[in-house]
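J.: this is a predicted model, with the sequence first.
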Amino acid sequence: MEHIRLTPPPACRQLLADYGPRRPGLRRALTLCLLFAFLFGTGLHVEFLAARNWNAGEVVLLLHIILGLVFAAVFLSWIAGHVLRGLPKSQRPGFTWLSWILLAKYAVILVTGLMMVLPTLIHFGGGLWFWRFEATYVLTFLHLWSAVAAAAGLIVHLTLRHWAPPPAGKRRRAS
């Protein structure tokens, strides 16, 4: 006698069936999401709470910078392939536009983050140079609010799919 299943399979089981457990892109995307979440939290701490205890703030800032550089390296090595594989196959114009806007937000975050680290790198090289206060405020503003917008955009991006939903009764084949 066949067992009748009354509840659908868990979403994580369907994800593994669709994508397989050995896809490196999926692991790298998960790593990037976790790094971004951690960077978002440390960035908010540095921006809003570090002044209360600057000694702890310095540690969080150093961790934010190091993980930000790691994030930049992993992101830049992953995004080109993701864009080349995903966006040409996208069947939803809204999803495609959201993806390009999200990519632009990440570009702003990476560029402003690297620009803010530039004086530190020059200092390690033996020089002394700082951005003007106005430039520092603009860089911080762009970096922070692009990160907030990117966090919201990433949540929406991860809940959508590149492709249109399959017709009723048909499921995607596991690859």
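T.: All right, it came through fine. Numbering: from 1, shown residues only.
J.: buried residues, stretch 107-120. List them.
T.: 108, 109, 110, 112, 113, 115, 116 (16 or more other C-beta atoms under 10 Å). C-beta: built from backbone N, CA, C; applies to glycine.
J.: likewise for stretch 119-127?
T.: Applying 16+ other C-beta under 10 Å to stretch 119-127 flags no residue as buried.
J.: centre of the chain to it, how far?
T.: 28 Å (C-alpha atoms, centre = their mean, to the nearest Å).
J.: who touches that stretch?
T.: 65, 128, 129, 130, 131 (C-beta atoms under 8 Å, 6 or more residues apart in numbering).
J.: among the buried residues of stretch 107-120, which two are most distant?
T.: 108 and 116 (12.3 Å; C-beta to C-beta).
J.: who touches both of these two?
T.: Jointly contacting residue 108 and residue 116 under the rule C-beta under 8 Å, 6+ apart are residue 143.
J.: list the contacts for residue 160?
T.: Contacts of residue 160 by C-beta under 8 Å, 6+ apart are 92, 95, 98.
J.: also residue 142?
T.: Residue 142 sits in contact with 108, 112, where contact means C-beta under 8 Å, 6+ apart.
J.: give me the subset of the buried residues of stretch 107-120 lying in helices.
T.: 108, 109, 110, 112, 113, 115, 116 (DSSP state H).
J.: tell me who's in contact with the closest residue in space to the fourth one that isn't next to it in sequence.
T.: Yep, that's residue 112 we're talking about. Once flanking residues are discounted, residue 112 sits nearest to residue 143: 4.1 Å by C-beta to C-beta, 6 or more residues apart in numbering. Residues in contact with residue 143 (C-beta under 8 Å, 6+ apart) are 43, 108, 109, 112, 113, 116.
J.: pick out the most distant pair among those.
T.: Taking C-beta to C-beta, no two of those sit farther apart than 43 and 108, at 13.6 Å.
J.: buried stuff in the one helix or strand residue 156 maps to?
T.: Residue 156 is part of helix 133-159, with elements assigned from DSSP states H and E. Buried residues in helix 133-159, defined by neighbour count with 16+ other C-beta under 10 Å: 139, 142, 143, 144, 146, 147, 149, 150, 153, 154, 157.
J.: wait, residue 35 sits on residue 73?
T.: No: with contacts defined as C-beta atoms under 8 Å, residue 35 does not count as touching residue 73, sitting 10.5 Å away.
J.: those two: who's more crowded?
T.: More crowded of residue 35 and residue 73, by other C-beta atoms under 10 Å: residue 35, with 17 against 10.
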